[in-house]
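# Predicted model, plus sequence, below.
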Amino acid sequence: MPSTPSSDDLDDQAIEWQTLLHSGDASARQRLDYQRWQHLSPAHQTAAREAEALWADIGLTATAEQHRTRPRRRAFRWASGLAAGLVMAVLGYGGLEYVPRWSDTHHTGVGQRQQWLLSDGTRVTLNSATALSVDFTASQRTITLRKGEALFELANDPARPFVVEAGQDRVQAKEATFSVRRDADQTRVLVANGAAQVEHQAQTLELRPNQQALYHAGQPVAERQQVDANALTAWHRGKLIFNRKPLQEVLSELERYQYGRIVLPDTDLGAMQISGVFDLNDPHNLLHTLEQRYGLNITYLPFVAWVH
């Protein structure tokens, strides 16, 4: 009997269903398939309810509610007034495209990267499998990172500090470039330019350029670490950069950008140091590149790559 997918997998699937259903392109058959999917198990139903509730939050701020009743032909005139930031810049294979959005919730699928230009001028880049929501008011700019990783290039607004909430962690900055990554067992905050303040339980850290704070689940404090911010944020330029990193760590990172699992049973092989630059614009070739450069043997099975 097949095992039930993990809650994270179901969350991803549920959000992808919502994206399809609200895209305007969903067929009657796909809508019926969604009804069948959400009744596969109680866990599927829970994931569906949470995704639907998340989507229902779109446009429910007071400002959005005020604009909802206005004629659609005036959309471009009042887009800048929406609390969530209604101009979306999507970076895809076709380049930069501006689209009016009433949504304050955004997400990417596995292997996707997208970029939004918010109403205040802040540029937000989402990495693979990321979901976040935006809540802008006259006095605050708040982002809630629900999963994944995002890079924030802030527009200066002294009257409204920029806040990113990621579980128990809270990052605040005024004029900076920083990233926040939220995984199941840890959260990482990295500053590329400017400064950011990180609050975690009773601890507050001030991070400067090329510094990061890494919080593991259950860990009350973290230390500042000196890092290469340019290398760690290269993903938003379509690259992954590794400098003498263990193969196991490299494979774990590559796994974020493709469906399925990458299995490495040999711990000695997993310790092999890897250096190189990988092209995220060709995700299907990531493992093949590694295979060629380091003479690895990789057996490809449905949804599993076996490295030996």
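Alright, I've got the coordinates. Residues are numbered from 1 along each chain as shown.
# Show me where the stretch 201-308 of the chain has its helices.
Along the stretch 201-308 of the chain, counting by DSSP state H, counting those that start in this stretch, helices occupy 229-232, 247-255, 267-270, 286-294.
# nope, the stretch 1-150 of the chain is what I was after
Assigned by DSSP H, counting those that start in this stretch, the stretch 1-150 of the chain shows helices spanning 7-21, 28-38, 42-56, 62-68, 75-78.
# For the second one, name the packing helices and strands.
Using 3 or more CB pairs under 8 Å, 6 or more residues apart in numbering; DSSP states H and E as the contact criterion, the elements in contact with helix 28-38 are helix 7-21, helix 42-56. In this view, the C-beta of every residue, glycine as well, is placed from N, C-alpha and C.
# can you give me the angle that helix makes with helix 7-21?
With axes from the mean of the first three to the mean of the last three CA atoms, to 10 degrees defining the directions, helix 28-38 sits at 160 degrees from helix 7-21.
# how about helix 28-38 as PDB, C-alpha atoms only?
Only the C-alpha atoms of helix 28-38 are listed here, as PDB (Å, rounded to 0.1, in the frame of the first residue of the first chain):
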ATOM      1  CA  ALA A  28     -13.500  21.200 -16.100                       C
ATOM      2  CA  ARG A  29     -11.600  17.900 -16.000                       C
ATOM      3  CA  GLN A  30      -8.800  19.500 -14.000                       C
ATOM      4  CA  ARG A  31     -11.300  20.900 -11.500                       C
ATOM      5  CA  LEU A  32     -12.800  17.500 -11.100                       C
ATOM      6  CA  ASP A  33      -9.300  16.000 -10.600                       C
ATOM      7  CA  TYR A  34      -8.800  18.500  -7.800                       C
ATOM      8  CA  GLN A  35     -12.000  17.400  -6.100                       C
ATOM      9  CA  ARG A  36     -10.800  13.800  -6.300                       C
ATOM     10  CA  TRP A  37      -7.300  14.700  -5.100                       C
ATOM     11  CA  GLN A  38      -8.400  16.500  -2.000                       C
END
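# you'd agree Q258 is up against G111?
Yes: Q258 is in contact with G111 according to CB atoms under 8 Å; the separation is 5.8 Å.
# what residues are shared contacts of these two?
P283 (CB atoms under 8 Å, 6 or more residues apart in numbering).
# quick one on the thing from earlier: TSV please, covering the helices and strands packed on helix 28-38 and showing mean neighbour count and mean pLDDT.
Formatted as TSV, these follow (neighbours: other CB atoms under 10 Å; pLDDT from 0 to 100):
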stretch	mean neighbour count	mean pLDDT
helix 7-21	18	73
helix 42-56	16	77
